[in-house]
Structure formats: C-alpha cells, structure tokens
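Colleague: no FASTA, just this:
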Ligand code: PXP
C-alpha cells in the first residue's frame, strides 16, 4: 500500500519548558523553540499542559496561541479544568492523554473502553468548538474501536513500548510491538480514524513507524530537544525530517 499522504512532523516542546523550570526563570523560552521548529520545517507544535504544570505553563499556551502560525496540538488530561482551557483557546487539535501525578512521562495509552460514556460527553464540546480530537492509545483493538465509537477523529498510537524494547535490546519484543502498531494503524484507518503516532521516537526508531502507510503524523519531543544540545534545534529537526521522508520513500 502506498502512503496515504505526506507524513507531518509535530514537534513537542515540553522539555524546553522543563529546562527553563529547572531554574524558575524565563530561559530557554518554549515559544522561541516553537518558532525555530517552524523555520526548520515542523508541521505543527505539540505541548502538554499537565495538571501539576511541571513543564508547559498556562502562559506558554497563551503565548503559543498568540504567536504561532503552525497548528497547535494541545495535549491534556480529560479533566474539567483542561476542557475549559481548551475551549477558551480553541487550538487546532486536542490530544487526550492519561495523566498520573507520580509518573515521569505519559506511561501508557488512555483506557477509552472503560470510560466510554464519560469520554464521549467530554469530547463533544471540543469537537463542537472546532478542535480535532485525538486520543492517545495503545495499539489495542478494543481501545481503537472505543475511540471510534466516542467520536474521536484521530488516534495517536503510543510508540513507547516499541522504543523501550529497542533501547533495551529486546529485539523480538520490539518486532512484536512494531507488528501490533502496523496492524492497528491499518485497523484504525479502516474505521475512518486518522492515525498519528508518537512517544520515545529517535533517529534509530523512527523509520519503521514513518513507513506505515496509514500514519499521517508523528509527534516527537524529548529526543529532539536533547539532540538540540549537540547540533542545534533546527538541524536536529532537519535530520528527523530527512529520516521520515527517506522511510516514506
Ligand atoms: N505524543 C504524546 C501523546 C505524548 O504525550 C508525548 C509526550 O508528551 C509525545 C507524543 C512525545 O513523546 P517524546 O517526548 O518521548 O518524543
């Protein structure tokens, strides 16, 4: 199967804010990073406003909405507070993610099947406000079916287990994770969902995911911000873009 279209790259700038917050000042500025990402060929900017505001702040979201030309993918937990913020800003896309206070990063996908009714009611006003609603989930048929039933337009497949297996040298497990991602991308597309993917992707792991024909967008953050220390943010993004295009063939 030929790719369904050009693969978009969403750059997640959360960890620019992590570095800033380590000292509590104004540097480095996530909005400046977003503008650099825009110049370097990013197709969108992703930012996760966590309940504890450990990286991105409310002011960052305001600044991004006011200054960005690129579409903002606003990641948030399914809480009333976040819903009100999203409805006030009306970003291009809202990605609903699970959130636990004690976790270091978003560890797994959202349990859509268990909370179907609540989530259906939760996302309806966001859709009515014109936001594209995306649900961050594991490559799991039950969750994908539930995401389609609640009226999400997009699912983002969690690539963390695949990337972890690769990093730990568990190549059989890595290949199983990859096969599940491939099958579930095709399955989600067959239900009419747009498919995105992300979490933990690096130069070493991006190609097989970028090659999946149904995947339309990758959201990548931590690795790119780390790599920017060594080669600068623009070149770090440029190399990711090159690898994605090469894999897309
Ligand atoms: N997609 C989603 C839904 C996420 O929550 C995250 C992490 O915030 C990412 C993509 C990016 O992951 P990473 O920072 O590991 O590249």
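Modeller: That came through, no problem. If you're wondering where the values come from, they're calculated on a predicted model, not measured in any experiment.

Colleague: Tell me the residues of the protein that contact the ligand?
Modeller: 12, 14, 48, 75, 95, 97, 105-106, 136, 156, 198-201, 219-223 (CB under 6 Å from any ligand atom). To be clear about C-beta, it is placed using only N, CA and C from the backbone, and glycine gets the same treatment.

Colleague: what packs against the strand or helix carrying residue 145?
Modeller: Using DSSP states H and E, residue 145 falls within helix 141-150. Contacts defined by 3 or more CB pairs under 8 Å, 6 or more residues apart in numbering; DSSP states H and E place helix 141-150 against helix 116-128, strand 132-137, helix 171-190.

Colleague: Only the buried residues of it, if you could.
Modeller: 143-148, 150 (16 or more other CB atoms under 10 Å).

Colleague: And for stretch 168-179?
Modeller: So for stretch 168-179, counting by 16+ other CB under 10 Å, buried means 174, 177-178.

Colleague: ok, now how distant is residue 7 from residue 18?
Modeller: Distance, residue 7 to residue 18, using CB to CB, to the nearest Å: 26 Å.

Colleague: In three-state terms, label the most centrally placed residue in the chain for me.
Modeller: Nearest to the geometric centre of the chain sits residue 219, at 4.1 Å (CA atoms, centre = their mean). What DSSP: H, G, I helix; E, B strand; the rest coil gives for residue 219 is strand.

Colleague: Quick one: residues contacting it.
Modeller: 10-12, 44, 46, 73, 95, 156, 196-199 (CB atoms under 8 Å, 6 or more residues apart in numbering).

Colleague: How about it: what's its closest non-neighbour residue?
Modeller: The shortest distance from residue 219 to any non-neighbouring residue, by CB to CB, 6 or more residues apart in numbering, is to residue 198 (3.6 Å).

Colleague: Contact partners for the one you found?
Modeller: Per CB under 8 Å, 6+ apart, neighbours of residue 198: 10, 12, 156-159, 218-220.

Colleague: Any quick ChimeraX command for the buried ones out of the residues you listed?
Modeller: In ChimeraX, a selection of the buried entries from these looks like this (16+ other CB under 10 Å):
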select :10,12,156,157,158,159,218,219,220
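
Colleague: quick revisit: show me what the residue nearest to the centre of the chain is bridged to.
Modeller: residue 10, residue 198 (DSSP bridges).

Colleague: Could you list the low-confidence segments of this protein?
Modeller: In the predicted model, the chain carries pLDDT under 70 at residues 101.

Colleague: repeat that for 90
Modeller: Residue ranges of the chain with pLDDT under 90: 1-5, 99-108, 249.

Colleague: Strands along this structure, start to end?
Modeller: With strands called from DSSP state E, the chain shows them at 8-12, 44-48, 72-76, 93-96, 132-137, 154-158, 194-198, 215-220.

Colleague: export those to a markdown table and tack on distance to residue 35?
Modeller: Below are the strands of the chain laid out as a markdown table (distance: least, CB to CB, whole Å):
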| stretch | distance to residue 35 |
| --- | --- |
| strand 8-12 | 11 |
| strand 44-48 | 9 |
| strand 72-76 | 13 |
| strand 93-96 | 19 |
| strand 132-137 | 23 |
| strand 154-158 | 24 |
| strand 194-198 | 21 |
| strand 215-220 | 18 |
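
Colleague: I'd like to know which of those is closest to residue 23.
Modeller: For the strands of the chain, the distance to residue 23 is smallest for strand 44-48, at 19.6 Å, taking CB to CB.

Colleague: Can you pull out the residues in contact with the closest one?
Modeller: Strand 44-48 is contacted from outside by 8-14, 17, 30, 34, 37-38, 55-56, 60-61, 64, 68, 70-76, 92-93, 95, 97, 106, 217, 219, 221, using CB under 8 Å, 6+ apart.

Colleague: Same check on stretch 156-167?
Modeller: Outside stretch 156-167, the residues that reach it (CB under 8 Å, 6+ apart) are 95, 106-109, 134-139, 171, 173-174, 177-178, 181, 184-185, 188, 195-202, 204-205, 209, 215, 217, 219.
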